[in-house]
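[1] Compute the structure for the input listed below.
(one chain, ligands or ions: 2)
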Amino acid sequence: MIFNTTPASPAIFIDKDGTLVRDVPYNIDPELLEFTPGAVPFLAAMKKAGFKLILVTNQPGIAMNLFKETAFLNYIGHMNQQLNSRLDGVYYCAHNRPGADGRFHCDCRKPLPGLILKAAFEQKISLEDSWMIGDILDDVEAGNRAGCQTILLNNGAKPNGLPALCERPTLP
Ligand SMILES: [Mg+2]
Ligand SMILES: [Zn+2]
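    Ligands and ions are numbered 1, 2, ... in the order given. Have a look, this model is predicted:
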């Protein structure tokens, strides 16, 4: 029997659009990439404090053929270069909205917790010591469902409906 005694790490799970970068709908042009105020030094401080940095983002534009997956990954590469602290992981849902194509549902599109759970499994992350940060309640719900603590940023995005129990952030 083999025991893996490596301790699990805490992580900052962070939404992309409207949280880490200014929301430009379906953008994959690195020229239009603009970090939100404070985001870069915040991530650097969290990395220094021992948190893994994991991007979790819904990218239905891939399923909708608005852009290619390779173009999205190219954009992410530019983003990673501009961050002083490299992301430890980028987890994205490349599927469409439920019902948008009449049939397909996945288990990774936020507010489902699939992306966070996958990252935690692959990177040995302690979810109860981790935080999900986003600008809409779908981010909060995904984080809460995964067992993280959660922060809802008020970046001007409309909350999607009245908060249900699983949508309430740990911090406002
Ligand atoms: Mg967002
Ligand atoms: Zn998905």
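[2] hang on, residue 34 packs against residue 22?
    Yes: Residue 34 lies in contact with residue 22 (CB atoms under 8 Å); the separation is 4.4 Å. All C-beta atoms are positioned from the backbone trio N, CA, C, and that covers glycine.
[3] Which of the two has more residues huddled nearby?
    Higher neighbour count among residue 34 and residue 22: residue 22, with 16 against 13, using other CB atoms under 10 Å.
[4] shouldn't the more buried one be in contact with residue 36?
    Yes: the pair residue 22 and residue 36 passes the contact test of CB under 8 Å, sitting 6.1 Å apart.
[5] Nearest the geometric middle of this structure, what residue?
    Taking CA atoms, centre = their mean, the centroid of the chain lies closest to residue 56, which sits 2.1 Å from it.
[6] Keeping just the C-alphas, turn the helix or strand it falls within into PDB.
    Using DSSP states H and E, residue 56 sits in strand 52-58. Listed next in PDB are the C-alpha coordinates belonging to strand 52-58 (Å, rounded to 0.1, in the frame of the first residue of the first chain):
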ATOM      1  CA  LYS A  52      -2.100  27.800  -6.200                       C
ATOM      2  CA  LEU A  53      -3.700  30.100  -8.800                       C
ATOM      3  CA  ILE A  54      -6.300  28.400 -10.900                       C
ATOM      4  CA  LEU A  55      -8.300  30.100 -13.600                       C
ATOM      5  CA  VAL A  56     -11.900  28.600 -14.000                       C
ATOM      6  CA  THR A  57     -13.800  30.000 -16.900                       C
ATOM      7  CA  ASN A  58     -16.900  29.300 -19.000                       C
END
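[7] mind listing the strands for the protein?
    Ranges of strands within the chain are 11-14, 52-58, 89-93, 131-134, 149-152, based on DSSP state E.
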